[in-house]
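In: Turn this into a model:
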Amino acid sequence: MKNKPLWYGGLALSVLAAVLLADKKRPHPGATRPNPKAPARTRQRIYVAARPERVWQVLSRLEEWPRWQPAIRAVRLRGPLRPGTLFDWKFSGTRMHSVLHTVVPQQALGWSGWATGSSAVQNWTLTPYPDGGTDVRVEESLEGWLGRLLRPAFQHRL
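Out: Numbers count the residues shown, from 1 in each chain. Next comes the predicted model:
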């Protein structure tokens, strides 16, 4: 019975390896709307004193997201800015793989993404104000076992 802890440790590592391998082969999620019941989610709204065209210029340059979103690093867009295009990036140290599902210039941008143990959906909506400003809304959800496990850390950074 001396080897029992070793056996349990080996079993735990095998299960973890199987989960990680299965998770890596999982196709991208098809969701286009954030899940209101996800363990981590946010909905934000802000007035920007710039026309939607200018806000779109900033929002649609994915490679420049790290300039204004400190939790994001190293975005790489793998094609033109249109639905179906993949992009890779890091969010708080987690490597994410994502696909654009909505691209409506000056109006909306949305993506679905996945990483080991988690999946996310984020949608941005731009609405012009009569004074020339823009109502910017963002809604996001993060779910999966990693999202549940690290909910406080992720919720703070969404």
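In: need the contact list for the residue most central in space within the chain.
Out: Nearest residue to the geometric centre of the chain (Cα atoms, centre = their mean): residue 120, 4.6 Å. Going by Cβ atoms under 8 Å, 6 or more residues apart in numbering, residue 120 touches 96, 98, 112-114, 140-143, 147. No exception for glycine: its C-beta is placed from N, CA and C like everyone else's.
In: which neighbours does whichever strand or helix holds it have in its sheet, and in what orientation?
Out: Taking DSSP states H and E as the criterion, residue 120 maps to strand 118-128. Sheet pairing for strand 118-128, assigned by DSSP bridges, gives strand 108-115 (antiparallel), strand 134-143 (antiparallel).
In: list the buried ones in that strand?
Out: 118-126 (16 or more other Cβ atoms under 10 Å).
In: what do you get for stretch 59-68?
Out: Result for stretch 59-68 [16+ other Cβ under 10 Å]: buried residues 59, 62, 65.
In: Need the residues you listed in TSV (columns: distance to residue 105, pLDDT and secondary structure).
Out: Shown next, in TSV, are the buried residues of stretch 59-68 (distance: Cβ to Cβ, whole Å; pLDDT from 0 to 100; DSSP: H, G, I helix; E, B strand; the rest coil):
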residue	distance to residue 105	pLDDT	secondary structure
59	10	97	helix
62	14	96	helix
65	17	94	helix
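In: of all the residues you listed, which comes closest to residue 52?
Out: Minimum distance to residue 52 across the buried residues of stretch 59-68 is 9.6 Å, recorded for residue 59 (Cβ to Cβ).
In: which residues sit in contact with the closest one?
Out: 109, 124, 126.
In: distance of it from residue 144?
Out: 26 Å (Cβ to Cβ, to the nearest Å).
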